[in-house]
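Novice: Can you look at this prediction? I've put the sequence above it.
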Amino acid sequence: MDKNIFRIKKFIALFLAISLALAGCSQVTVQNSSNSTSNKEKSQANNVSATGSGNLEVHFIDVGQGSSTLIESNGHYMLIDGGDSKYASRVVSYLDDEDARKLDYVIATHYDADHLNGVVGALEAYDADVVIAPDYKAESKIYQSFTRVMKEKGIKITYPETGKKYKIGDAEFTILAPNDTHYDDANDYSVAIKLVNGNNTFILTGDAEIESEYEMLETGIDLSCDVYLAGHHGSRYSSSEAFLQAMQPESVVISAGKNNKYGHPSDEAMARINAMGCDVYRTDQLGDIIATSDGKNIKFNVKKSFGGSKKKKNSTTKTKGEFIGNVNSKKFHEKDCGSVPDEENRVYFNTADEAESAGYEPCGNCKPE
Ligand SMILES: [Zn+2]
Ligand SMILES: [Zn+2]
């Protein structure tokens, strides 16, 4: 990513982090105006009454370096992304095995190839009622294929509206993002959803990064969840501290390829996730991951990944919380410095560089570096 964009993102993120800290983190009042209409509107796919076992299956399909999730409730199906070209046929046959030959919903979170290829494959192979995808254009072959298959099938894109709810079988999902109409980074256009089955909640954010995460926080929608599919394959630009704090996920799933060239999942994101004590499930270690919810409990088909982080035990890399800034004095400290501020005046940094580029000065006593 362009370094300037990253700088800007960091600035926005820090500004928001500070505003949230000053607001006491509890009252975020921005409400999306579409909320009022959304409850009344039912998707076209909802003619079937909600009966049945109430089981919800969420399949995090192993598509190497990419993402693809199949959701099933009471015979109703939704596909979110479909992985890269190498895995498109695997996704199509996975859907066939699961009897998902008619999809109530397809979500193309955004138009990057590692998400979109299998969506095109699935749309070519099967019928879909509602296709939700973001409102921007990409200049790629796979995007052209996407618009072509949509035309051929006579499907119009349903653009995401934050707060809008859709029923899928006995479950329901709400659109969380995107919340803006222009982003510098295509990943931030990602359609994010909150999927609810009884008392169980899943949050999936595509490749949304910190900018979109803060916008989701600003909507005021309750983000607490049981399972979170780590944004952008566990990139360090996603799964920010504030977003994780709002979600408090019990389990985090990471969809990434073995030894992928991007280094997903990043040590930074893993440190933030591990610091919250989440169970971690990684497709690069476990293959397909299936979470089944009965409305009260969630069971996984695999044992959790051991040591979610790639980091060795004796690593000297600093983790989240090593640097604590004081939003009033604009000084930052080592975690164990005697001068760290009260919780409500803190902002956390992963590195001293990060703190300094945010305009914080090192404390003269602990000399953080
Ligand atoms: Zn991706
Ligand atoms: Zn992406």
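Specialist: That came through fine. Ligands and ions are numbered 1, 2, ... in the order given.

Novice: How about the residues of the stretch 201-350 of the chain by ligand 1?
Specialist: Counting by Cβ under 5 Å from the ion, the stretch 201-350 of the chain comes close to ligand 1 at Asp207. (C-beta placed from N, C-alpha, C; glycine too.)

Novice: Quick check: residues of the stretch 201-350 of the chain near ligand 2?
Specialist: Asp207.

Novice: all strands of the stretch 51-200 of the chain, in order?
Specialist: For the stretch 51-200 of the chain, the strands defined by DSSP state E, counting those that start in this stretch cover 56-60, 69-73, 76-80, 102-107, 127-132, 157-158, 165-168, 171-177, 192-197, 200-204.

Novice: tell me the angle of the longest one relative to strand 76-80?
Specialist: This points to strand 171-177. Here strand 171-177 runs at an angle of 20 degrees relative to strand 76-80 (axes from the mean of the first three to the mean of the last three Cα atoms, to 10 degrees).

Novice: switch to numbering from 818
Specialist: All set: I'll call the first residue 818, so the last point we hit is now strand 988-994.

Novice: Which residue, other than its chain neighbours, is closest to the residue of the stretch 818-967 of the chain found nearest ligand 1?
Specialist: Using Cβ to the ion, the closest approach of the stretch 818-967 of the chain to ligand 1 is made by Asp931 at 4.4 Å. In space, and not counting its chain neighbours, Asp931 is closest to Gly883: 3.6 Å by Cβ to Cβ, 6 or more residues apart in numbering.

Novice: Next one: that neighbour relative to Asp901, how far apart?
Specialist: Distance, Gly883 to Asp901, by Cβ to Cβ, to the nearest Å: 5 Å.

Novice: any shared contact partners between the two?
Specialist: 931, 934-935 (Cβ atoms under 8 Å, 6 or more residues apart in numbering).

Novice: burial of Gly1104, as a residue count?
Specialist: 12 (other Cβ atoms under 10 Å).

Novice: Looking at Gly883 and Asp901, which is more packed in?
Specialist: A count of neighbours by other Cβ under 10 Å puts Gly883 above the other of Gly883 and Asp901, at 29 against 22.

Novice: separation between the more buried one and ligand 2?
Specialist: For Gly883, the distance to ligand 2 equals 9 Å [Cβ to the ion, to the nearest Å].

Novice: For that residue, give me the pLDDT.
Specialist: Reading off the confidence values, Gly883 has pLDDT 98.

Novice: Pull the contacting residues for it.
Specialist: Contacts of Gly883 by Cβ under 8 Å, 6+ apart are 898, 900-901, 904, 931-932, 934-935, 1072, 1074.

Novice: Include pLDDT when you put those into JSON lines, please.
Specialist: Shown next, in JSON lines, are the contacts of Gly883 (pLDDT from 0 to 100):
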{"residue": "Asp898", "pLDDT": "98"}
{"residue": "Gly900", "pLDDT": "98"}
{"residue": "Asp901", "pLDDT": "97"}
{"residue": "Tyr904", "pLDDT": "97"}
{"residue": "Asp931", "pLDDT": "97"}
{"residue": "His932", "pLDDT": "98"}
{"residue": "Asn934", "pLDDT": "98"}
{"residue": "Gly935", "pLDDT": "98"}
{"residue": "Ser1072", "pLDDT": "98"}
{"residue": "Gly1074", "pLDDT": "97"}
